[in-house]
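Asker: Fold the following.
(chains A and B)
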There are 2 protein chains.
Amino acid sequence: MLPFDVGDPVRARAAWSRIAEPGDEHAGAVVRELGPSGALDWLCSSAARASGLAPPLRQLVERLAPRLDGLDIRRELEVLQRLGGHLVTPEGEGWPTALDDLSVRAPFALWVRAAAPCPLDLPRGRSLAIVGSRASTRYGETIAAEFAFALAEEGLTVVSGGAYGIDAAAHRGALAARGAPTIALLAGGVDRLYPAGNEALLLQVAQTGALVAEVPPGSVPGRHRFLARNRLIAALTSGTLVVEAARRSGALSTANHASDLLRPVGAVPGPVTSAASSGCHWMIREGQAVCVTTSAEARELAAPAGEFAAPLPGGPPGLLDDLDPVQARVLDALPLRAAAHVPSVARAAGVSEADARSALGLLELAGRVRRRGDGWARVAS
Amino acid sequence: MLPFDVGDPVRARAAWSRIAEPGDEHAGAVVRELGPSGALDWLCSSAARASGLAPPLRQLVERLAPRLDGLDIRRELEVLQRLGGHLVTPEGEGWPTALDDLSVRAPFALWVRAAAPCPLDLPRGRSLAIVGSRASTRYGETIAAEFAFALAEEGLTVVSGGAYGIDAAAHRGALAARGAPTIALLAGGVDRLYPAGNEALLLQVAQTGALVAEVPPGSVPGRHRFLARNRLIAALTSGTLVVEAARRSGALSTANHASDLLRPVGAVPGPVTSAASSGCHWMIREGQAVCVTTSAEARELAAPAGEFAAPLPGGPPGLLDDLDPVQARVLDALPLRAAAHVPSVARAAGVSEADARSALGLLELAGRVRRRGDGWARVAS
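Answerer: Have a look, this model is predicted:
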């Protein structure tokens, strides 16, 4: 009935990615139960007699059957081949097993456009999604590019959505590094370099990294496909970092998917006066995201516990530095420019003479005070 | 032995605030056990024979006895009176019971300089500490002033430390409001308007609010007194908000005291590129502070659970607004400028015709689509 060999599971999967919308759980369940070829056989034979099926299956067939008309997935596969791309499926090599966490919502196949080999099946801790608003600020773009650069230099694959704003900045930052490639997960077909203003950037990504879609060439990037695509960004990576997002940004849906998949989520804070950071602040405040302020902290997000640990900036807080309270009081009690004797220092500091003497000795060892005559004086700091 | 009546507990407390350094736990314990007058009696009589005492008490006496020489607290009380101030003690009226949470580290007395009555014993939820770095930025100062203004307008007393930077901005913001007064807790005596550059501001605070110190007039604001003073800011208030703080800022010690006292702690995020926000980010990241981005969220910090609740900004996140997935797909499937028939819409959307019809009906009710001929078209948004 279909003009191509339905028995080939790779072609059958390609066909499923054309027939069913991304994330269609019922289609996913049927493919899982019957295998891609068996499920396609079943759909073709059920198309004419859907009314006899139980309600959920009947609805599925009614939904999908119209798309069987004129379906010839060989055309889309040829387009992909002409673009230098290839199809990745669970039956072949390089399938990212991380996507299996999506269960019946996993993609049927990945349409990959990459000039050079670009691994998609990344070990845990070796990739991070960096996403955010299209309506970004210079601040957010700078952070996204800097973090992506630093992570890529360290060999982490930066994954994003190829959109304007934060996504583009993340890809750009990663492209500038000499480390790992960057992957753009597109909502439409990999033949459509969308949005048009990012065409040059996406071509660059395809040169050293990969453009990836779960829908075949020719597919339009509709709004619901953007939202469905976000689950792939979350599932493919070891963690998701939101750099800038307003309260209604689609980037928050990527973060939600990551949480659902038990992947760590981070958000970069910004000025509270910036609407572009309001979604990040909301996630941090609600405990839905970790506050991430450096590329090291971003890396820690992606990495399994203990493998990488972001260094603590500075030491422990405190004005006294390394001084204990008695030493601090004794140092305070010393006049600024003159020397003083132990009894007057002790009295001013409110400590016993014995304690003052001992503190002065320790402060002398630390180079903070020195003996002058039979008294003590500060060392200019 | 002392030139004033030790039997008067108020004078005895004033004397203790002169003799012992802020937060001296051993002195606090003795005063608690023997009462202020009894403890002073004991100290005077023990001064000459300290060697016969058990070690902790001996050290206490050795530490404090030198300060009994020439002690005449009437002088300091006269200075306070000349400044229009008064002493507040647990024996008299207006003692802030919140300070009792400090136990043996509670102040012996409060030296208060206020031209008008300014309540210190604030009901729970009616005060907030707003603190931060002296080395602040314009951003942090603006936020501190705005939040303080909004809280004071709503009748919350804003408490801070009278320092340059965030403290000054918080006082200024509160002074500009017509609501509650603002309180500055000073590290030195209330006769010393320190730092000098804030003299005019502190005089203004004394006019409508209060300058408060636990040390008598004439006391120098030494570094350890600043740190000890921070515990009072934390204890006096229903919550502490850090607006800007570097990793080693003293403001973090105020936050630590607040946590120790089970008072809520908040921190305002800022650009990750700003060192002045690094301490805030660290506290948020480590779960030591709640992320606070609006004055309503700051108020929620101070208020008992449920009494105030900051409104959620915007609605729940999501690009689809109020559309369910089928409606979104159907709307996407409609051509931008032309009309389309139900079968082609259903096919493009990947839904059954029945579902497409139902979705179009709902979209029509929502004013998103309209009938054109026997097809459907988008309504320009």
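Asker: Give me the mean pLDDT for stretch A:17-36.
Answerer: Model confidence over stretch A:17-36, given as mean pLDDT, is 95.
Asker: what's the answer for stretch A:263-281, then?
Answerer: This predicted structure assigns stretch A:263-281 an average pLDDT of 97.
Asker: now swap in stretch A:120-138 and tell me
Answerer: Mean per-residue pLDDT for stretch A:120-138: 96.
Asker: what comes up buried for that stretch?
Answerer: Counting neighbours by 16 or more other C-beta atoms under 10 Å in any protein chain shown, one finds that the buried residues in stretch A:120-138 are A:120, A:122, A:125-134, A:136-137. (Each C-beta comes from the backbone N, C-alpha and C, glycine too.)
Asker: what about that stretch, near chain B?
Answerer: No - applying C-beta under 8 Å from any C-beta of the partner chain, one finds that stretch A:120-138 is not in contact with chain B, the shortest distance being 10.1 Å.
Asker: contacting residues around stretch A:150-158?
Answerer: Contacts of stretch A:150-158 from elsewhere in the structure, counted by C-beta atoms under 8 Å, 6 or more residues apart in numbering or on different chains, are A:119, A:122, A:126-130, A:148, A:170-171, A:173-174, A:176-183, A:209, A:237, A:295, A:298-299, A:302.
Asker: Can you show me the strands along chain A?
Answerer: A:85-88, A:110-113, A:127-131, A:157-160, A:182-185, A:210-213, A:240-242, A:265-267, A:290-291, A:369-372, A:375-378 (DSSP state E).
Asker: Neighbouring strands of the shortest one in the sheet, and parallel or not?
Answerer: Here strand A:290-291 is paired, per DSSP bridges, with strand A:265-267 (parallel).
Asker: How far off centre is the strand it pairs with?
Answerer: The chain centroid and the centroid of strand A:265-267 are separated by 8 Å, computed with C-alpha atoms, centre = their mean, to the nearest Å.
Asker: Identify all contacting residues around that strand.
Answerer: Under the criterion C-beta under 8 Å, 6+ apart, residues A:239-243, A:245, A:255, A:258-259, A:279-281, A:283-284, A:288-292, A:297-298, A:301 lie in contact with strand A:265-267.
Asker: do that again at 6 Å, thanks
Answerer: With C-beta atoms under 6 Å, 6 or more residues apart in numbering or on different chains as the contact definition, strand A:265-267 has outside contacts at A:240-242, A:255, A:258-259, A:280, A:283-284, A:289-290, A:292, A:301.
Asker: Can you give me the neighbour number for residue A:185?
Answerer: 28 (other C-beta atoms under 10 Å in any protein chain shown).
Asker: so who does it touch?
Answerer: By C-beta under 6 Å, 6+ apart, the contact list for residue A:185 reads A:161, A:212, A:229, A:232, A:233.
Asker: Between the contacts of strand A:265-267, which sits nearest chain B?
Answerer: Sorting the contacts of strand A:265-267 by how near they are to chain B, with C-beta to the nearest C-beta, puts residue A:284 at the top with 4.5 Å.
Asker: tally of neighbours for residue A:293?
Answerer: For residue A:293, the tally of surrounding residues (other C-beta under 10 Å) stands at 27.
Asker: Ok, residue A:371 next?
Answerer: Other residues lying near residue A:371 total 11 when counted by other C-beta under 10 Å.
Asker: could the contacts of residue A:185 be laid out in TSV, adding neighbour count, distance to residue B:187 and pLDDT?
Answerer: Rendered in TSV, the data for those read as follows (neighbours: other C-beta atoms under 10 Å in any protein chain shown; distance: C-beta to C-beta, whole Å; pLDDT from 0 to 100):
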residue	neighbour count	distance to residue B:187	pLDDT
A:161	27	52	97
A:212	28	60	98
A:229	27	57	96
A:232	30	57	98
A:233	25	52	98
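Asker: and the contacts of stretch A:150-158, which are buried?
Answerer: A:119, A:122, A:126-130, A:148, A:170-171, A:173-174, A:177, A:179-183, A:209, A:237, A:295, A:298-299, A:302.
Asker: anything in stretch A:41-53 near chain B?
Answerer: No - against chain B, stretch A:41-53 shows no contacts by C-beta under 6 Å from any C-beta of the partner chain, the least distance being 9.2 Å.
Asker: buried sites along that stretch?
Answerer: Residues of stretch A:41-53 classed as buried under the neighbour-count rule (16+ other C-beta under 10 Å) are A:41, A:42, A:43, A:46, A:47, A:50.
Asker: again with stretch A:59-71
Answerer: Neighbour counts over stretch A:59-71 (16+ other C-beta under 10 Å) mark A:59, A:60, A:61, A:62, A:63, A:64, A:65, A:66, A:67, A:68, A:71 as buried.
Asker: what sits against residue A:208?
Answerer: residue A:181.
Asker: Same check on the one 3 residues further on?
Answerer: Taking C-beta under 6 Å, 6+ apart as the definition of contact, the neighbours of residue A:211 are A:113, A:184, A:186, A:190.
Asker: and with 8 Å instead?
Answerer: Under the contact definition (C-beta under 8 Å, 6+ apart), the residues listed for residue A:211 are A:85, A:112, A:113, A:114, A:162, A:183, A:184, A:186, A:190, A:202, A:205.
Asker: so what's it bridging to?
Answerer: Under the criterion DSSP bridges, residue A:211 forms beta bridges with residue A:113, residue A:184.
Asker: And it, how close does it get to residue A:4?
Answerer: Distance, residue A:211 to residue A:4, using C-beta to C-beta, to the nearest Å: 24 Å.
Asker: How about residue A:336?
Answerer: Taking C-beta to C-beta as the criterion, residue A:336 is separated from residue A:4 by 90 Å.
Asker: More neighbours: those two, which one.
Answerer: Residue environment comparison for residue A:336 versus residue A:4 gives the larger neighbour count to residue A:4, 16 against 7, counting by other C-beta under 10 Å.
Asker: just checking, the more buried one touches residue A:76?
Answerer: No - the pair residue A:4 / residue A:76 is not scored as a contact, 10.8 Å apart, by C-beta atoms under 8 Å.
Asker: on that earlier part again, format the contacts of residue A:185 as a markdown table; extra columns: distance to residue B:80.
Answerer: Putting the contacts of residue A:185 into a markdown table (distance: C-beta to C-beta, whole Å) gives the following:
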| residue | distance to residue B:80 |
| --- | --- |
| A:161 | 66 |
| A:212 | 74 |
| A:229 | 70 |
| A:232 | 70 |
| A:233 | 65 |
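Asker: per-domain residue ranges of chain A.
Answerer: According to automatic domain parsing, chain A is divided into the following domains: A:9-71, A:97-302, A:325-378.
Asker: Closest to residue A:223 out of the buried residues of stretch A:41-53?
Answerer: Nearest to residue A:223 among the buried residues of stretch A:41-53, counting by C-beta to C-beta, is residue A:43 at 26.2 Å.
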